[in-house]
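[1] show me how the following folds:
(chains A and B)
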Number of protein chains: 2
Amino acid sequence: MAILEKKIYVGLTEETAIQLVKELAFFPIHAELTAKEIGDGNLNYVFRITDQEGGKSLIIKQALPYAKVVGESWPLTLKRSKIEADALIKHGEFVPLLVPKVYETDEDLAITIMEDLSHLKIARTGLIEGENYPKLARDIGEYIAKTLFYTSDFALHPFEKKRLVAAFSNPELCKITEDLVFTDPFFDIDTNDFEPELQSDVEAIWGNTALQIEAAKIKYSFLTEAEALLHGDLHTGSIFASEEETKVIDPEFAFYGPIGFDLGLFIANLVFQSIVRDGEQKEYILNQIEETWQVFYSVFSELWEKEGVDPFTKVSGYKESFLQKIFNDAVAFTGCELIRRTIGLSHVKDLDGIEDKEIRLAAKRKTLELGTSLILRKSDIQEIKGFISAIKEHTA
Amino acid sequence: MAILEKKIYVGLTEETAIQLVKELAFFPIHAELTAKEIGDGNLNYVFRITDQEGGKSLIIKQALPYAKVVGESWPLTLKRSKIEADALIKHGEFVPLLVPKVYETDEDLAITIMEDLSHLKIARTGLIEGENYPKLARDIGEYIAKTLFYTSDFALHPFEKKRLVAAFSNPELCKITEDLVFTDPFFDIDTNDFEPELQSDVEAIWGNTALQIEAAKIKYSFLTEAEALLHGDLHTGSIFASEEETKVIDPEFAFYGPIGFDLGLFIANLVFQSIVRDGEQKEYILNQIEETWQVFYSVFSELWEKEGVDPFTKVSGYKESFLQKIFNDAVAFTGCELIRRTIGLSHVKDLDGIEDKEIRLAAKRKTLELGTSLILRKSDIQEIKGFISAIKEHTA
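    Numbering: from 1, shown residues only, chains lettered A, B, ... in the order given. Just a heads-up that it's a prediction; the model follows:
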């Protein structure tokens, strides 16, 4: 029986994945197809299907009904597959060259069939290997500006905006972020995961009431501020890159949230590289951070001026005031991501991959110090030069 | 044929209203019922059904598929009837004595059958007639604190909160507020309605860029900050009162929005009374404003401390910081309501009912001056005494 007609969820195998794309007639009828599961198997299956002769290939991504994190298995909504596909399609309206093309989706099977990007490398992996991506900052600045401006109240009719807010309600995946990014690292909670040598550094965070108050405020903005349709998990592991191309993938955490969050997450994940690199290579990364903000600012500004639909977008000075708020939010979100990736449940290879223990611990201490400072100084740091100075100061 | 079985919308008459409550067996089978339409017919029918012998009575409220405002007829979603009934029921979980009891609802007919409160008077009417309601401020402070705390992220599991956000998505009625309260009064737009003598005062508002920027920010918080399930239209015309009782009605504008909005709307509508009254009577109203805030603050504080579910509610100092944000928001929302009721589409009888033209124009100028000041000084006014001083200063 045809897989799509069953209308019930069943995990694909390499065999049934091939059967599926044949049913959908993506390849010539007698094509010799091969399938390979290339995902990490924690949250999703990712099958790469290739026509050996024609050379054509595509990706089937299928959500698994659970998440495996450090050995534990959590049930997890399959609805995230629909959210991810819908977000790729919606964002693709505004930045068609910066996201994979979606060919087909099926809600019952929780699958998205999309463009194969295997010729590109995950940006985090490449950066750790010392590669540089000259277009990365520019492309991500543009991606954030366009996807977020066009899904905001500044661009949409209020009915359409509220329709999207409801359609992208994503409680289960938001809760992962609410807990792991914004809550657990600031308290002595079991999910935290850090090297024992950091115990006193971590206790300093748990005992820092001023920091907790600021973390509470920025968590609250994540909970309540439905500004735009975020990617929701825009770290360097969600980006495919080469010297010529940038493609943002995996928006399963997409929801209507604060604009500064996508910015802060991306910037924080560049900060990890600025910490592990030296000299010119460190400067290169710092310049990428600055460029990300500058491009975001100028693209968002231009869209605001040319396409803003709210009468207040014509009021002189409002745009600058609004972008200042976004900047300050981004500073604090950067701080939260730095801390949680160091002592929370889910780490980054940029830091954990440093083999020398003393160097690794020193890097992590810098991350915690910088993260703390950014959260506390959210409103003091007024512009990107000051932000870069703060990063340099705490990571020298 | 039974009315409820038709499953299509049909406007009730006094006759079919009686038939309906008979079908629903609200009264003894041979009861002699009378029906009277007591609404203003702009947005809804309101039928009072009375059993002449038993003395029992109830209200059927039916939404009309249009709104009549200054002679024009706008199509308007019937879904607001469901939102209103659902909000009455949800808020009734937390303040059962401060809202009417809902007996029955029907989405097809857009009706809510509820407690008859005809023994009470609309607070605005009573206040204009010089009555005082000693429990009003306390009850409304408690109503706002409880309905908003219990529907916020501080009290709810995040899944339930996000479910409610989607269920109470209310785009059409929100747009009325977005336009009439937060946009039109700040620009030269046709819907505005003001006495010609105020032309230069109004032009001063339209030309005040600093004011427009602050209005833009507070409008944006209304558009994006899903803090709690608001009443959404909490003026003194939405409150039934006596010396012993307070009942909040008409939450058809309910949606997830910023907590300060309900506070600001109610306070602004007391401010109109503080402007039209003198001496001790003015002081009485100013005391009611202060009491509203104090009661809100203490009830919300106690709930936060005893029933806060977010770990950050246990962090010393966060509560104060949060309530400061709510206070500052309320100051600015008060300012917006003062301005829009004076020069926007929908006025209040407190001001328009002043017969002496010079006195009326002077009152309106005070309202505009105070409204402007509150919006501009949103962040400067730090506590309720300063708020009361600002009101006194501009309305002496």
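[2] taking the stretch 1-150 of chain A, what residue is nearest to chain B?
    residue A:77 (10.3 Å; C-beta to the nearest C-beta). Quick note: C-beta positions are derived from backbone N, CA and C, even for glycine.
[3] to what extent is that residue buried, counted in neighbours?
    By other C-beta atoms under 10 Å in any protein chain shown, 16 other residues sit near residue A:77.
[4] and for residue A:273, nearest residue in space, chain neighbours not counted?
    In space, and not counting its chain neighbours, residue A:273 is closest to residue A:285: 4.7 Å by C-beta to C-beta, 6 or more residues apart in numbering or on different chains.
[5] in space, what's closest to the residue of the stretch 101-250 of chain A found nearest chain B - neighbours in sequence excluded?
    In the stretch 101-250 of chain A, no residue comes nearer to chain B than residue A:216, which is 3.7 Å away by C-beta to the nearest C-beta. Nearest residue to residue A:216 in three dimensions, chain neighbours excluded: residue B:312, at 3.7 Å (C-beta to C-beta, 6+ apart).
[6] thought that neighbour was touching residue A:218?
    No - Residue B:312 is beyond contact range of residue A:218, at 10.6 Å (criterion: C-beta atoms under 8 Å).
[7] residue A:34 is in contact with residue A:15, correct?
    No - judged on C-beta under 8 Å, residue A:15 makes no contact with residue A:34 at a distance of 10.9 Å.
[8] quick one: contacts of the helix or strand where residue A:104 lies?
    Assigned by DSSP states H and E, residue A:104 belongs to strand A:102-106. Identification of contacts with strand A:102-106 by C-beta atoms under 8 Å, 6 or more residues apart in numbering or on different chains yields A:4, A:24, A:26, A:58, A:81-82, A:85, A:88-89, A:92, A:111-115.
[9] and if you look at stretch A:156-169?
    A:83, A:86-87, A:90, A:150-153, A:226, A:229, A:254-256, A:309, B:162, B:165-166, B:169, B:171-172, B:174-175, B:178, B:223.
[10] in strands only, show me those.
    A:229, A:255, A:256 (DSSP state E).
[11] take these and write them to TSV, including distance to chain B, pLDDT and neighbour count.
    Below are these laid out as TSV (distance: C-beta to the nearest C-beta, whole Å; pLDDT from 0 to 100; neighbours: other C-beta atoms under 10 Å in any protein chain shown):
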residue	distance to chain B	pLDDT	neighbour count
A:229	12	98	28
A:255	9	98	23
A:256	8	98	26
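[12] can you tell me the SS state at the spatially most central residue of chain A?
    The centre of chain A sits closest to residue A:234, judged by C-alpha atoms, centre = their mean, with a distance of 1.4 Å. Look at residue A:234: counting by DSSP: H, G, I helix; E, B strand; the rest coil, its state is coil.
[13] ok, residue A:34 next?
    What three-state DSSP gives for residue A:34 is strand.
[14] ok, now residue A:61?
    Residue A:61 ends up strand, using three-state DSSP.
[15] how about the contacts made by it?
    A:39, A:44, A:45, A:46, A:47, A:81, A:84, A:111, A:112, A:113, A:114.
[16] what ranges in the stretch 1-150 of chain A fall below the confidence cut-off?
    Across the stretch 1-150 of chain A, the ranges flagged by pLDDT under 70 are A:1, A:41, A:68-73.
[17] which parts of it are helices?
    All helices of the stretch 1-150 of chain A, identified by DSSP state H, counting those that start in this stretch, fall at A:14-23, A:79-92, A:123-128, A:136-150.
[18] report the buried members of the contacts of stretch A:156-169.
    In those, burial by neighbour count holds for A:83, A:86-87, A:90, A:150-153, A:226, A:229, A:254-256, B:162, B:165, B:169, B:171-172, B:174, B:178, B:223, counting by 16 or more other C-beta atoms under 10 Å in any protein chain shown.
[19] about what we covered before: quick one: which of residue A:15 and residue A:34 has more around it?
    Counted by other C-beta under 10 Å, residue A:15 and residue A:34 do not tie: residue A:34 has more neighbours, with 12 against 9.
[20] the more buried one reaches residue A:47, doesn't it?
    No - between residue A:34 and residue A:47 there is no contact under C-beta under 8 Å: 10.2 Å.
[21] pretty sure residue A:206 sits against residue A:188.
    Yes - at 5.5 Å, residue A:206 counts as touching residue A:188 under the criterion of C-beta under 8 Å.
[22] that older thread, let me know how buried the residue nearest to residue A:216 is, in neighbour terms.
    Residue B:312: 22 surrounding residues under other C-beta under 10 Å.
[23] now do residue A:354
    For residue A:354, the neighbour count with other C-beta under 10 Å is 18.
[24] please identify the helix or strand for the closest residue to it other than its chain neighbours.
    Leaving aside its sequence neighbours, residue A:354 sits nearest to residue A:360 (C-beta to C-beta, 6+ apart; 3.9 Å). Following DSSP H and E, one finds residue A:360 within helix A:357-376.
[25] now for residue A:311: which residues touch it?
    Going by C-beta under 8 Å, 6+ apart, residue A:311 touches B:183, B:187, B:189.
[26] try residue A:276
    By C-beta under 8 Å, 6+ apart, the contact set of residue A:276 is A:128, A:350, A:351, A:354, A:363.
[27] same check on residue A:147?
    A:91, A:94, A:95, A:228, A:229, A:231.
[28] show me what contacts the third one?
    For residue A:95, the residues meeting the contact criterion (C-beta under 8 Å, 6+ apart) are A:142, A:143, A:146, A:147, A:248.
[29] now do the fourth one
    Contact analysis of residue A:228 by C-beta under 8 Å, 6+ apart lists A:147, A:148, A:149, A:151, A:152, A:256, A:257, A:259.
[30] farthest-separated two in those?
    Pairwise distances across the contacts of residue A:228 (C-beta to C-beta) peak at 14.7 Å, for the pair A:149 and A:257.
[31] neighbour count for the two, which is higher?
    Taking other C-beta under 10 Å, residue A:149 and residue A:257 do not tie; residue A:257 has more neighbours (27 against 23).
[32] skipping adjacent residues, who's closest to that one in space?
    By the measure of C-beta to C-beta, 6+ apart, the closest residue to residue A:257 outside its immediate chain neighbours is residue A:230, 4.7 Å from it.
[33] bridged to the one you found, which residues?
    On the basis of DSSP bridges, residue A:230 is bridged to residue A:255.
[34] re earlier: can you redo the ones in strands among the contacts of stretch A:156-169 as TSV with distance to residue B:121?
    Formatted as TSV, the ones in strands among the contacts of stretch A:156-169 follow (distance: C-beta to C-beta, whole Å):
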residue	distance to residue B:121
A:229	47
A:255	45
A:256	42
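[35] tell me the domain ranges of chain A?
    Chain A breaks down by automatic domain parsing into domains covering A:3-115, A:121-395.
[36] can you add distance to residue B:212 and give these back as TSV?
    Output for the domains of chain A, formatted as TSV (distance: least, C-beta to C-beta, whole Å):
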stretch	distance to residue B:212
domain A:3-115	28
domain A:121-395	4
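[37] ranking these by burial, who's on top?
    Here the criterion is mean neighbour count by mean count of other C-beta atoms under 10 Å in any protein chain shown, and of these the winner is domain A:121-395, at a mean of 20.
[38] okay, how far is it across that one, tip to tip?
    Separation of the first and last residues of domain A:121-395 by C-alpha to C-alpha, to the nearest Å is 27 Å.
[39] could you export the helices of the stretch 1-150 of chain A as CSV, including distance to residue B:326?
    CSV is the format used below for the helices of the stretch 1-150 of chain A (distance: least, C-beta to C-beta, whole Å):
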stretch, distance to residue B:326
helix A:14-23, 52
helix A:79-92, 32
helix A:123-128, 40
helix A:136-150, 27
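[40] next one: the one helix or strand residue A:215 maps to to chain centre, how far?
    Assigned by DSSP H and E, residue A:215 falls within helix A:209-224. Relative to its chain's centre, helix A:209-224 lies at 20 Å (C-alpha atoms, centre = their mean, to the nearest Å).
[41] that concludes my questions; thank you for your assistance.
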